[in-house]
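**Student:** pasting the sequence and the predicted coordinates here, then a few questions.
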Amino acid sequence: MYKIAESTIGPYGVSPDERSLEQLLKSSVVVINKQAGPSSHQVSAWLRDLLGVEHVGHGGTLDPNVTGVLPISIGKASKVIRVMQESTKEYICLMKHRNKVDFVTISNSLEKFVGPIYQIPPLQAAVKRELRIRRIYEMEIIEHHLDSTLFRVECEGGTYIRNLCEDVGSAIGSGAFMEQLIRTKSGPFTIEDSVSLIELSDMYKKWKELGNSSILSNIFRPLESMLVDLPKIEIKDSAVDALCHGADLGCPGVVSVSKSMMRGQLISITTMKGEAVALARATVDSSEIADNPKSKGKVAKLERVIMERGTYPREWNSK
C-alpha cells in the first residue's frame with residue numbers, strides 16, 4: 001500500500017471482524033460445499049428460506065451435477081456478489097476419452113490450452129450465446145489412464161469446463177467429455193472454507209435453540225472477505241458519507257492505495273477500519289496518486305455504493 005495521508009480513526013463504524021452474528025445475518029457471505037442434484041439457484045433459495053432473509057445471491061453458477069465451492073451472499077452483501085462471479089476459479093475435473101490416449105499426447109494438448117481461449121456458452125447456460133474469450137491460467141494432470149484424465153484447472157470466471165474438455169478431445173481426436181467436476185476454489189474461498197447445507201442447517205438450528213453465537217462464528221463471513229483480491233483505496237472518515245451519497249472519490253480523501261492499482265481496474269474503497277464503502281473504477285494508476293498526493297483530481301469513479309448513508313457523519317456541503 002502507498003500511504004498518502006495521515007488520518008485519525010474516528011468513533012464511527014465497526015471493524016468487519018468485530019461485527020456481531022446478528023449484524024452478519026443481515027449482510028455476509030456463506031461458502032457452501034454444494035452437493036450434486038440441486039441447482040445453484042435452488043441452494044440459494046433454500047438458504048434464503050432457512051435464514052428468513054429477503055435477498056441472497058450466488059457467486060458463479062454450478063450445474064446441478066457439479067459439486068464444490070459456492071459462495072452465497074446474504075442480505076446487503078448481495079450488492080457485491082458479482083465480484084465473486086468474475087473471480088478466478090479452480091476445478092478438479094475427470095475427463096473421459098472415447099478413444100484411448102497416451103500421457104504425452106494429453107499433456108501436450110493441455111499445455112496448448114493454457115492462455116486465452118475462445119468459448120461459446122452451452123445451450124443450457126443462462127447467458128447470451130456469443131463467442132467470448134476466457135483465460136486458462138494453469139492446468140495440471142493429477143492422474144491419467146488411457147481412457148480418462150484427472151486434472152486441475154485454474155481459470156477466469158465464466159469458463160465452461162465442459163466445453164474445454166470437448167475442445168481438448170476434438171484437438172487430439174480422443175472424443176473427450178467431462179465426466180465429473182468439483183469446484184475447489186472461487187476467488188479467495190477454498191473447499192476447506194466451505195460447509196454443507198446439512199451442516200449449516202444443523203448449526204443454525206442449534207444456535208436458535210442455545211443462543212451461542214460461537215456455533216456460527218466461522219460460517220458467516222463479512223462481505224469484505226469477497227473483496228480481498230481487489231486493489232484497495234482506504235479513505236478518510238470525512239470522505240465516507242460523501243461517497244455514500246454517490247460522489248466520486250477525489251485525491252484529498254485518500255489515506256492509502258494498493259500499489260497494484262491500475263487505471264480502469266475495479267477496486268474496493270474502504271474506511272480506515274476496513275469497512276467496504278463502495279466498488280469503483282480507478283481513473284488513475286496508484287503511482288499517479290503517490291507522486292502527486294496533493295492533487296485535487298478524481299481518482300475513482302463509483303460503480304456501486306455498499307455502505308448505508310449516515311453510517312459516518314456528514315462532513316461535506318452540496319452545491
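**Tutor:** Perfect, I can see it now.

**Student:** list phi and psi for Ile182.
**Tutor:** phi -130, psi 130 (degrees, to the nearest 10).

**Student:** ok, how many other residues are close to it?
**Tutor:** Look at Ile182: counted by other Cβ atoms under 10 Å, it has 18 neighbours. C-betas here are computed from N, CA, C, even on glycine.

**Student:** who is it paired with across the strands?
**Tutor:** Thr67, Ile92 (DSSP bridges).

**Student:** and it, what is it in contact with?
**Tutor:** For Ile182, the contact set (Cβ atoms under 8 Å, 6 or more residues apart in numbering) comprises 66-68, 91-93, 191.

**Student:** now these in TSV, with distance to Gly274?
**Tutor:** Shown next, in TSV, are those (distance: Cβ to Cβ, whole Å):
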residue	distance to Gly274
Val66	33
Thr67	33
Gly68	29
Tyr91	31
Ile92	33
Cys93	36
Ile191	26
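
**Student:** among those residues, which two are most distant?
**Tutor:** Cys93 and Ile191 (14.2 Å; Cβ to Cβ).

**Student:** does anything pack onto the lengthiest helix in the chain? Which helices or strands?
**Tutor:** Determined from DSSP state H, the single longest helix within the chain is helix 197-210. Here helix 197-210 touches strand 27-34, helix 40-51, going by 3 or more Cβ pairs under 8 Å, 6 or more residues apart in numbering; DSSP states H and E.

**Student:** between the ones you listed, which gets nearest to His97?
**Tutor:** His97 sits nearest to strand 27-34 of all the helices and strands packed on helix 197-210, at 26.9 Å, using Cβ to Cβ.

**Student:** now do the closest one, average pLDDT.
**Tutor:** Across strand 27-34, the average pLDDT comes to 96.

**Student:** residues making contact with it?
**Tutor:** With Cβ under 8 Å, 6+ apart, strand 27-34 has contacts from 40, 43, 47, 59, 62, 66-77, 81, 84, 186, 189, 191, 193-197, 200, 219-223, 225-226.

**Student:** which element follows the longest helix of the chain toward the C-terminus?
**Tutor:** Moving toward the C-terminus from helix 197-210, the next helix or strand (DSSP states H and E) is strand 232-235.

**Student:** return a ChimeraX selection command for the buried portion of the contacts of strand 27-34.
**Tutor:** Command for ChimeraX, covering only those of those found buried under the criterion 16 or more other Cβ atoms under 10 Å:
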select :40,43,47,59,62,66,67,68,69,70,71,72,73,74,75,76,77,81,84,186,189,191,193,194,195,197,200,219,220,221,222,223,225,226
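
**Student:** for stretch 47-63, buried residues please.
**Tutor:** So, applying 16+ other Cβ under 10 Å, buried residues of stretch 47-63: 47-48, 51, 53, 55-60, 62-63.

**Student:** show me what counts as buried in the longest helix of the chain.
**Tutor:** Buried, per 16+ other Cβ under 10 Å, within helix 197-210: 197, 200, 204, 207.

**Student:** contacts only, for the first one.
**Tutor:** Contacts for Leu197 were tallied using Cβ under 8 Å, 6+ apart; they are 32, 34-35, 43, 46-47.
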